[in-house]
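Visitor: Okay, here's the prediction I keep looking at, along with the sequence it came from:
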Amino acid sequence: MIHVEQLSKSFDDLRRGSIVALDSVSFDVEAGEIFGLLGPNGAGKTTCLRMLSTVLQPTGGVATVAGYDVMTQPQDVRTHIGFMSCNTGIYDRMTAWEMVEYFGRLYDIEENELQERLDRIFTTLQMNDIRDMLGSKMSTGMKQKVSIARTIIHDPPVLIFDEPTSGLDVLVARAVLKTIEALREEGKCIIFSTHIMREVEKLCDRVAVIYKGKILAIGSIPELEEQYHESDMEELFFNLIQEHEDQLAMKAP
Ligand SMILES: Nc1ncnc2c1ncn2[C@@H]1O[C@H](COP(=O)(O)OP(=O)(O)OP(=O)(O)O)[C@@H](O)[C@H]1O
């Protein structure tokens, strides 16, 4: 469903010169799977997800999403994905229902089908009590639910979540994670970025540890624990980063 091969992205930064935000990254994600990108700030997670959602153009490598090439078929990619980040916007002057309906209409969903989907999503995400609430009156958690609803209204096979729980309290974060789990049960292909170890342990079928634009390790958690002889995910993560830093230091002139 998602195929990424040697994907790279450099930015020309006025102050810092050329920045390699992502460096020859490769992975695949299947339907019915949650794949985590785990890395600290600045690791390249957002850059990777933005390229998969066609917001940014790669400077090297290839990526296909639902069979469509992000470079040559961006429009097809866009109709087959739902993208949500922690700052996906909510309109103050629209109700929850109007907002999700509005996004459904942007995708040209037939009217009867749209109303059925709205009913289903509002029930599944337990949003019926905020149906008529304006964006300006919503709590952060309510806004996050509306963001998820608008991300899935066109029933895309691929879902891309960029740090979806960032800034949320534990209760709302838990509800968001439960929703993502339920979407996996529906057979969605899900890629999810985070810097929170526990989220990966709870949710992800496989994970890529990403640091300074490179994938340092990739696999299921049991696979990684076995490969690196470390059962504590946090220790494993720090060890991988330390090892990478040591290698960089050895290469430095
Ligand atoms: N538009 C840009 N211009 C220049 N540099 C950029 C740009 N976007 C990202 N970068 C740089 O690329 C690197 C990777 O950033 P990215 O936002 O992908 O990391 P991240 O893993 O998502 O981190 P965070 O959790 O902080 O969002 C960083 O060094 C960042 O400063």
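Guide: Perfect, I can see it now.
Visitor: can you pull the contacts of the residue nearest to the spatial centre of the chain?
Guide: What sits nearest the mean C-alpha location of the chain, by C-alpha atoms, centre = their mean, is Phe161, with 2.3 Å. Counting by C-beta atoms under 8 Å, 6 or more residues apart in numbering, Phe161 touches Met84, Ser85, Ile180, Ile190, Ile191, Phe192, Ser193. Just so you know, the C-beta spots here come from the backbone N, C-alpha and C atoms, and that holds for glycine as well.
Visitor: Quick one: list the elements packing against the strand or helix carrying the last one.
Guide: With secondary structure defined by DSSP states H and E, Ser193 is part of strand 189-194. Contacting strand 189-194 under the criterion 3 or more C-beta pairs under 8 Å, 6 or more residues apart in numbering; DSSP states H and E are the following elements: strand 17-29, strand 34-38, helix 45-52, strand 158-162, helix 170-185, helix 197-203.
Visitor: Which strands border it, and is each parallel or antiparallel?
Guide: Partners of strand 189-194 in the sheet, by DSSP bridges, are strand 34-38 (parallel), strand 158-162 (parallel).
Visitor: now the chain, which segments are flagged as low pLDDT?
Guide: The model of the chain has no residue with pLDDT under 70.
Visitor: Run through the residues of it sitting next to the ligand.
Guide: For the chain, the contact set with the ligand under C-beta under 6 Å from any ligand atom comprises 11, 13, 19, 21, 39, 41-47, 195.
Visitor: could I get those residues as CSV with neighbour count?
Guide: Shown next, in CSV, are these (neighbours: other C-beta atoms under 10 Å):
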residue, neighbour count
Phe11, 14
Asp13, 10
Ile19, 15
Ala21, 22
Gly39, 25
Asn41, 7
Gly42, 13
Ala43, 24
Gly44, 25
Lys45, 25
Thr46, 20
Thr47, 24
His195, 16
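Visitor: tell me the two of these that are most distant?
Guide: With distances taken as C-beta to C-beta, the most widely separated pair in the residues of the chain next to the ligand is Asp13 and His195, at 22.1 Å.
Visitor: Residue of the stretch 51-200 of the chain closest to the ligand, please.
Guide: Using C-beta to the nearest ligand atom, the single residue of the stretch 51-200 of the chain nearest to the ligand is His195, 5.9 Å away.
Visitor: Check the gap between that residue and Asp76 for me.
Guide: His195 sits at a distance of 31 Å from Asp76 (criterion: C-beta to C-beta, to the nearest Å).
Visitor: do the same with Glu101
Guide: Glu101 is 24 Å from Asp76, by C-beta to C-beta.
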